[in-house]
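Colleague: Predicted model and sequence below, questions to follow.
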Number of protein chains: 2
Amino acid sequence: MTDEKTAILKGTLDMLILKVVALGPIHGYAISQRIQQISKDYFQLQEGSLYPALHRLENRGFLAADWQSTDTGREAKFYKLTRKGRKRLETEMEGWERMTEAVALILRTAE
Amino acid sequence: MTDEKTAILKGTLDMLILKVVALGPIHGYAISQRIQQISKDYFQLQEGSLYPALHRLENRGFLAADWQSTDTGREAKFYKLTRKGRKRLETEMEGWERMTEAVALILRTAE
DNA sequence: GGGGTAAACATAGGACTCCTAGGGGTGATC
DNA sequence: GATCACCCCTAGGAGTCCTATGTTTACCCC
């Protein structure tokens, strides 16, 4: 059952992650916090969504990772964009623009 | 594999259909044409997506259907919005607004 | 020292949605 | 009478997100 709680539209998450990583190297756990913070709590990213997404982005060559220690003294996997990932982000953003415009065309149609 | 061809964002289709049906009673086949036309060919709705969507919208009580004949003299299943469907469309449109705003917040973040 | 909490990672399984690829019937057109 | 456009339908697969659960380590408090 698709209920109203499904906040993140399927297919959007990758773009959001790429965008946040584009702001600077960052580890997974912090990505989810950052997305939540920037979106003013609209997106509450679950870890069960986050980590699989990170792995597939890495597998596809959009992200590169290495282990470093955080401010709080723990080991964490820091991600950064690859060149391919930067391109991907661009095309995804353009696609998002076109898509939302197409939706807007329909939603604004008054008979 | 998620490639760039995936035009319709999962979860958006129901809203688009409800909106088009809200413009006036219309049968399934015409819905897909109308969506394609209004969106200036951006959305090319497949029948394998359309009909299952119509059935679930009907099952959930958002659409009501009856058979009538078209201009071209064929039998077709005409859909119209129920009261519940009209409410659903409203909440989906509000949700869409909030969601795209949240995405915009993230996409426009320039460190 | 022991217990609790937050940070940080991970995976399995289910639900849902969309698409591909079929199938079928009818009216119009050449 | 064959082809095309119209009009409906379903099964199966791929992909994405979520729930639920598990692990380890740093920190805090008593």
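Modeller: Cool, got the structure. Just so it is clear, the structure is predicted and the values come from calculations on it, not from any experiment. Numbering: from 1, shown residues only, chains lettered A, B, ... in the order given.
Colleague: CA atoms for contacts and neighbours, from now on please.
Modeller: Noted.
Colleague: Chain B contacts on chain A?
Modeller: A:7, A:9-11, A:16, A:19-20, A:23, A:35, A:38-40, A:42-43, A:93, A:99, A:102-103, A:105-107, A:109-111 (Cα under 8 Å from any Cα of the partner chain).
Colleague: Got a PyMOL select line for the buried ones in the residues you listed?
Modeller: Those of those that count as buried under 16 or more other Cα atoms under 10 Å in any protein chain shown are selected in PyMOL with:
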select buried, chain A and resi 16+19+20+35+38+39+42+43+93+99+102+103+106+107
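Colleague: the helices in chain A, which residues?
Modeller: A:13-22, A:28-38, A:47-59, A:83-107 (DSSP state H).
Colleague: Check those helices for me and report the most buried one.
Modeller: helix A:13-22 (a mean of 22; mean count of other Cα atoms under 10 Å in any protein chain shown).
Colleague: could you give the mean pLDDT of stretch A:75-91?
Modeller: Mean pLDDT, stretch A:75-91: 97.
Colleague: residues making contact with stretch A:14-31?
Modeller: A:34-35, A:50-51, A:53-54, A:57, A:76-81, A:85-86, A:89, A:92-93, B:103, B:106-107, B:110-111 (Cα atoms under 8 Å, 6 or more residues apart in numbering or on different chains).
Colleague: For DNA strand D, what's its nearest residue on chain A.
Modeller: residue A:48 (3.2 Å; Cα to the nearest atom of the strand).
Colleague: Just want to check the distance between that residue and residue A:104.
Modeller: Distance, residue A:48 to residue A:104, by Cα to Cα, to the nearest Å: 31 Å.
Colleague: got the helices of chain A as a markdown table, with distance to DNA strand C columns?
Modeller: Shown next, in a markdown table, are the helices of chain A (distance: least, Cα to the nearest atom of the strand, whole Å):
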| stretch | distance to DNA strand C |
| --- | --- |
| helix A:13-22 | 12 |
| helix A:28-38 | 3 |
| helix A:47-59 | 4 |
| helix A:83-107 | 12 |
